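S.K.: Generate coordinates for the sequence data below:
(one chain, ligands or ions: 1)
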Amino acid sequence: MTIAIEVKSIDKQFVLRRSRSIKEVFVWLIKGRKGELSEKFHALKGVDLEVQQGETVALLGFNGSGKSTLLKHISGVMIPDSGTVRTRGRVAGLIEVGAGFHHDLSGRDNVYLNGAILGMTEEQINERFQSIVDFAEIGQFIDTEVKFYSSGMYLRLAFSVAVHTDPEVFLVDEILAVGDEPFQKKCIAKIQELASDGKTLVVVSHDLDLVSRICDRGVLLDHGEVRFDGPIHEAVAKMRGQ
Ligand SMILES: Nc1ncnc2c1ncn2[C@@H]1O[C@H](COP(=O)(O)OP(=O)(O)OP(=O)(O)O)[C@@H](O)[C@H]1O
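M.R.: Numbers count the residues shown, from 1 in each chain. This next block holds a predicted model:
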């Protein structure tokens, strides 16, 4: 078995910005800068995760448990304070709607921009361009600046570009929720196709029925820690408090 994703005891703290009064800063200074002036929030605490090539994994947990933060570390858009993250093969992610898209460019230009960011050559994008537009069902809007797109249209184009990069590791955050039902079904079918082709999949979702259908394994996060890691039906049962 080949390891596709290896996360080793990662920690992540965020600085919670809170404006301080001049008096508070003054007291802090004359007390010799003791203690932290800004509060910190520990979003991930010693998280370990090993995903084998071809596994389909759901990251589950209540709001604020650290799922998206962990996915961002796997995709490489966030760097841990300590610990390591390693991935093998091409990683494509749908982490935030519109991330990697430039608002003032047309859909067409963004396909080239986003495709290049995800590691495709210009030639590969030329070859796959029509297929990308067809899958997204963007039609005549492909030459419209994306700032005029609805969030569903953003998602369609971003999803289409991402799957056309032929990723070995595919990361999807909750964003499928903004697509309409027919498009969601199409995305889910595509995700299932990637999974049956042996691609590695990590999905963040609150839709427990959906993840039960597309994932084999569930990792349950709670306050930034892994509480459970095992078969999806057991993870889903724990989420449902059964
Ligand atoms: N850039 C940031 N700065 C400060 N705090 C952050 C930042 N990103 C995330 N957090 C905090 O880290 C915690 C975990 O956030 P994260 O988005 O990973 O949770 P989640 O499990 O995906 O939640 P949800 O189910 O609501 O999407 C939250 O309390 C959030 O407020």
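S.K.: Spell out which residues of the protein are next to the ligand.
M.R.: Within the chain, the positions lying close to the ligand (Cβ under 6 Å from any ligand atom) are Phe14, Phe41, Ala43, Gly61, Asn63, Gly64, Ser65, Gly66, Lys67, Ser68, Thr69. Bear in mind the C-beta positions are built from the backbone N, C-alpha and C, glycine included.
S.K.: May I ask which helix or strand encompasses the fifth one?
M.R.: In this assignment (DSSP states H and E), Asn63 forms part of neither any helix nor any strand.
S.K.: What's the local residue count around it?
M.R.: 6 (other Cβ atoms under 10 Å).
S.K.: Now intersect the residues of the chain next to the ligand with the helices, please.
M.R.: With DSSP state H as the criterion, helices contain Lys67, Ser68, Thr69 from among those.
S.K.: which of the residues of the chain next to the ligand count as buried?
M.R.: Listed as buried from the residues of the chain next to the ligand are Ala43, Gly61, Ser65, Gly66, Lys67, Ser68, Thr69; burial here means 16 or more other Cβ atoms under 10 Å.
S.K.: Pull the contacting residues for the last one.
M.R.: Taking Cβ atoms under 8 Å, 6 or more residues apart in numbering as the criterion, Thr69 is in contact with Lys12, Ala43, Leu44, Met78, Gly224.
S.K.: State the pLDDT value of it.
M.R.: On pLDDT, Thr69 comes in at 94.
S.K.: swap in the third one?
M.R.: Note for Ser65: predicted pLDDT of 94.
S.K.: got the contact list for it?
M.R.: Leu221, Asp222, His223, Gly224.
S.K.: got the contact list for the most centrally placed residue in the chain?
M.R.: The residue lying closest to the centre of the chain (Cα atoms, centre = their mean) is Ile95, at 3.2 Å. Neighbour list for Ile95: Ser68, Leu71, Lys72, Ser75, Val77, Leu171, Asp173, Ile175 [criterion: Cβ under 8 Å, 6+ apart].
S.K.: Is the fourth one in contact with Arg90, as I believe?
M.R.: Right, Ser75. No. Taking contacts as Cβ atoms under 8 Å, Ser75 lies outside contact range of Arg90: 11.7 Å.
S.K.: Please say which of the two ends up with more neighbours.
M.R.: Ser75 (20 against 15).
S.K.: Name the nearest residue to the more buried one, ignoring sequence neighbours.
M.R.: Using Cβ to Cβ, 6 or more residues apart in numbering and skipping the chain neighbours, the partner closest in space to Ser75 is Gly93 (4.2 Å).
S.K.: next SSE after the strand or helix carrying that neighbour?
M.R.: Assigned by DSSP H and E, Gly93 belongs to strand 91-94. Elements were assigned by DSSP H and E; along the chain past strand 91-94, the next helix or strand is helix 107-117.
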